[in-house]
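Novice: got a sequence here, can you model it:
(2 chains)
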Amino acid sequence: MSQPDNISHDASTLYRGQNPGPPEMAAMNAVDVRGLSRSFDGREILRDVTFSVAHGEIFGYLGPNGAGKTTTIRILLGLLTPGAGECRVLGRDLAIDDAARAKVGVLFETNGLADRLSAADNLAYYAGLYDLDDPRDRIDELLALVDLDDRRNDPVGTFSTGMKRRLGIARAILHRPEVVFLDEPSSGLDPGAQRMVRDLIVDLSRREEMTVFLNSHHLDEVQRICSTVAILAGGRIRAFDSVKNLTAASGRPEMTVVLADPGDRARARETAMAFPYVSGCEEDGEVLRCTLADPGAIPDLIAALAAAGFRLLEVRRSSRSLEEIYLEHVGQSGCSS
Amino acid sequence: MSTFTVIAGREVHLALRNRSIIITALIFAVWFPALSAVGMVATSGGGAEAVSGAVAAVTLPVAILMGYIFCSDAFLREKRDGSIETLLCAPVSLRHLWAGKTCGVAIPAYLTTLLSAVVTLAMASAMLEAPPSLDLLLIPHMLVVVPVWILTAAGFVGAAQLALGMRENQILGFLFIFGFIFLIGGLQGIISGGAEISAAAEAALAAAGVALLGLARFIAGKVSKERIVTTIP
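Specialist: Purely as a prediction, here's the structure:
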């Protein structure tokens, strides 16, 4: 599929946009953002941002603090007006379409819960706002899902951060939205709670067939659960592709070789370097790391090393982590290059 | 149940569970009329018109103050903690949200104002050493004028709290309250030549309250979501 014209080519070297397409495709996507720009007090926060999210996808929206992630979500939800460009959620403009907002759920960094009300009362309130018929079963189901059914009558003010976050997620999906926006759902949680939230998101995506728009700093979390990501930095989209494509070490496939006899590393390196398509090979501790010009040559290199008499304990194709990709686009300091 | 009822019901629920707000409201509902009633009854001679006038004069400022006190929990707290952002994403118009919250705030404010009226009467009764006779005009005053002015105060303060930043809210909150109090005092003085209750004064107060409530509703409808979101601290 072609890359949209309004994406900056210089900035999006990894852009392989499987989702974006011509405007008539907007209705097919759960979220469409095209040429979005927005400034505050003369400072440009978003500049020509374009991406889209397919139905049923878990989409990761990444970027450093102040990159404009929350601003994008606010514009999508109709809370802020775009300076230029357009946004659609389920093909609708939520700024002017009250009814369409019933199909969208949201969890901001604040959970939207009243501390003095019980967990069940908080959910009942939102059930009323979304005009749900007889929501008791749904509330029971969600409280059980987020493992809070035994605390249903306790004031939310007595809950831990993780419990509030889980209840916040339950609130966000109470009305069975088609798209749910989660802004830093794991923020401030301990590793156990983070995992619980992560599992919950995946479960919801599968069970309720929701499109999940995940705004997160937890790159490991995003890599595990998201199918597609966009990296925002300096107000621009720096990369937008499937996690699989992004982390497949695009352009420079690597393989890691562990030899049964570590003393053979130098000789094995020479053998590998003599092999066509190998552009580099380094000893890295106990292993050899070879960079190939063509990923299809990996089996041949393995065969050549074996034929040369080296005993291979382990061979694996290296892939880059999302963190590496992220830092490549955003920079170590969190500022885009 | 309509979303309006849901929103209003939640505000009542929350107000009744907020001990600090309830205690503050009760202190003002008892302390302010107790001080005012003593002076008013002592200088009036204890007639029915004078006692009713004292109750009317005391309850209106108290009503406005109660509207302001309960507003701080319904509007300002949700803005301060950011939960208003989540509410704005619900399929409810901002004017609907404002109206539900304003009515929800008005109910506990009205109940505490009724308490204030009872305290004023009890003080007058104690000072006169006999049950005070009351003017019938006090009935429409308590049933119409007071609720209208509570709604007006809560509506204005709520709309302002949604639209303004935190510092401006602190300043304008006080300006609203004292502005209302001076307005009421001025209206009573102009129409009846004093603090005594009169049909003309009650009608004028009710009409002014309804007009201002309409204005508050208009202003609330003009507040944009962007304005609210960008003034969240």
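Novice: mind listing what's buried in the strand or helix carrying residue B:66?
Specialist: For residue B:66, the host element (DSSP states H and E) is helix B:48-71. Neighbour counts over helix B:48-71 (16 or more other CB atoms under 10 Å in any protein chain shown) mark B:49-71 as buried. Just so you know, the C-beta spots here come from the backbone N, C-alpha and C atoms, and that holds for glycine as well.
Novice: what's the spacing between it and its chain's center?
Specialist: Its chain's C-alpha centre and that of helix B:48-71 lie 9 Å apart, by CA atoms, centre = their mean, to the nearest Å.
Novice: follow-up on the earlier one: restrict the buried residues of helix B:48-71 to contacts with chain A.
Specialist: The subset of the buried residues of helix B:48-71 within reach of chain A, by CB under 8 Å from any CB of the partner chain, is empty.
Novice: tell me the buried residues in the very next helix or strand once past the helix holding residue B:66?
Specialist: Per DSSP H and E, the first helix or strand lying C-terminal to helix B:48-71 is helix B:77-80. Within helix B:77-80, the residues scored as buried using 16+ other CB under 10 Å are B:77, B:78, B:79.
Novice: tell me which residue is most central in chain A.
Specialist: The centroid of chain A falls nearest to residue A:60 when counting by CA atoms, centre = their mean (1.8 Å).
Novice: return the residues of chain B in contact with chain A.
Specialist: Residues of chain B that fall close to chain A, judged by CB under 8 Å from any CB: B:1, B:3, B:5-7, B:10, B:13-14, B:17-18, B:81-83, B:85-93, B:225-226, B:229-230.
Novice: what do you get if the cut-off is 6 Å, keeping everything else the same?
Specialist: With CB under 6 Å from any CB of the partner chain as the criterion, chain B meets chain A at residues B:3, B:6, B:10, B:14, B:17, B:81-83, B:85-86, B:88-92, B:225-226, B:229.
Novice: quick one: buried ones out of those?
Specialist: Among those, those classed as buried by 16+ other CB under 10 Å are B:3, B:6, B:10, B:14, B:17, B:81-83, B:85-86, B:88-92, B:225, B:229.
Novice: which of those residues fall in helices?
Specialist: With DSSP state H as the criterion, helices contain B:3, B:6, B:10, B:14, B:83, B:85, B:86, B:88, B:225, B:229 from among these.
Novice: wait, doesn't the first one sit right on residue B:92?
Specialist: Yes: counting by CB atoms under 6 Å, residue B:3 sits close enough to residue B:92 to count as a contact (5.3 Å).
Novice: which neighbours do those two share?
Specialist: residue A:129 (CB atoms under 6 Å, 6 or more residues apart in numbering or on different chains).
Novice: want to throw the buried residues of helix B:77-80 into a markdown table with pLDDT and distance to residue A:86?
Specialist: What follows is those, written out as a markdown table (pLDDT from 0 to 100; distance: CB to CB, whole Å):
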| residue | pLDDT | distance to residue A:86 |
| --- | --- | --- |
| B:77 | 87 | 35 |
| B:78 | 88 | 30 |
| B:79 | 88 | 29 |
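Novice: in JSON lines, list these along with distance to residue B:22.
Specialist: Shown next, in JSON lines, are these (distance: CB to CB, whole Å):
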{"residue": "B:77", "distance to residue B:22": "14"}
{"residue": "B:78", "distance to residue B:22": "18"}
{"residue": "B:79", "distance to residue B:22": "21"}
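Novice: surely residue A:214 is in a strand?
Specialist: Yes: membership of residue A:214 in a strand is supported by DSSP: H, G, I helix; E, B strand; the rest coil.
Novice: mind checking pLDDT for the closest residue in space to residue B:141 that isn't next to it in sequence?
Specialist: Leaving out its chain neighbours, the residue that sits closest to residue B:141 by CB to CB, 6 or more residues apart in numbering or on different chains is residue B:56, at 5.1 Å. Looking at residue B:56, its pLDDT is 81.
Novice: verify the stated contact: residue B:56 with residue B:139.
Specialist: No: between residue B:56 and residue B:139 there is no contact under CB under 6 Å: 11.1 Å.
Novice: next up, the contacts around residue B:89.
Specialist: Contacts were defined as CB under 6 Å, 6+ apart; by that measure residue B:89 touches A:77, A:106.
Novice: hmm, I typed the wrong one, I wanted residue B:108.
Specialist: By CB under 6 Å, 6+ apart, residue B:108 lies in contact with B:15, B:70.
Novice: cool, residue A:112 as well?
Specialist: By CB under 6 Å, 6+ apart, the residues touching residue A:112 are B:83, B:86.
Novice: is it in a helix, a strand, or coil?
Specialist: Secondary structure assignment for residue A:112 (three-state DSSP): coil.
Novice: could you check the pLDDT of it?
Specialist: pLDDT, residue A:112: 91.
Novice: what does residue A:49 give?
Specialist: pLDDT, residue A:49: 95.
Novice: ok, back up a step: confirm that the residue nearest to the centre of chain A sits in a strand.
Specialist: Yes: note on residue A:60: a strand contains this position according to three-state DSSP.
Novice: contacts only, for it.
Specialist: Residues in contact with residue A:60 (CB under 6 Å, 6+ apart) are A:214, A:222, A:226, A:229.
Novice: so which of the residues you listed sit within helices?
Specialist: Mapping those onto helices (DSSP H) picks out residue A:222.
Novice: which one of the contacts of residue A:60 sits in the busiest neighbourhood?
Specialist: Neighbour counts for the contacts of residue A:60 (other CB atoms under 10 Å in any protein chain shown) peak at residue A:229, which has 28 neighbours.
Novice: now that one: closest residue in space that isn't a chain neighbour?
Specialist: Nearest residue to residue A:229, sequence neighbours excluded (CB to CB, 6+ apart): residue A:60, at 4.0 Å.
Novice: one more: residue A:316?
Specialist: Sequence neighbours aside, residue A:256 is the residue nearest to residue A:316 in space, at 5.3 Å (criterion: CB to CB, 6+ apart).
Novice: from what I see, the one you found and residue A:286 are in contact.
Specialist: No: using CB under 6 Å, residue A:256 is not in contact with residue A:286; the gap is 10.2 Å.
Novice: now tell me what touches the one helix or strand residue A:289 maps to from outside.
Specialist: Using DSSP H and E, residue A:289 sits within strand A:287-292. Contact with strand A:287-292 is made by A:252-258, A:265, A:268-269, A:272, A:277-282, as judged by CB under 6 Å, 6+ apart.
Novice: between the lengthiest helix in chain B and helix B:48-71, how many degrees?
Specialist: Taking DSSP H as the criterion, chain B has its longest helix at helix B:94-128. For helix B:94-128 against helix B:48-71, the angle by axes from the mean of the first three to the mean of the last three CA atoms, to 10 degrees is 140 degrees.
Novice: in helix B:94-128, what counts as buried?
Specialist: Of the residues in helix B:94-128, B:94, B:96-117, B:119-121, B:123-124, B:127 count as buried by neighbour count, 16+ other CB under 10 Å.
Novice: can you check stretch A:287-295 too?
Specialist: Buried residues in stretch A:287-295, defined by neighbour count with 16+ other CB under 10 Å: A:287, A:288, A:289, A:290, A:291, A:292, A:295.
Novice: with just CA atoms, put that stretch into PDB.
Specialist: What follows is stretch A:287-295, C-alpha atoms only, in PDB (Å, rounded to 0.1, in the frame of the first residue of the first chain):
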ATOM      1  CA  VAL A 287      29.300 -15.000  20.600                       C
ATOM      2  CA  LEU A 288      29.800 -13.900  17.000                       C
ATOM      3  CA  ARG A 289      27.500 -11.200  15.600                       C
ATOM      4  CA  CYS A 290      27.400 -11.300  11.800                       C
ATOM      5  CA  THR A 291      25.600  -8.600   9.700                       C
ATOM      6  CA  LEU A 292      24.400  -9.800   6.300                       C
ATOM      7  CA  ALA A 293      23.400  -7.800   3.300                       C
ATOM      8  CA  ASP A 294      20.700 -10.400   2.500                       C
ATOM      9  CA  PRO A 295      18.700 -12.200   5.100                       C
END
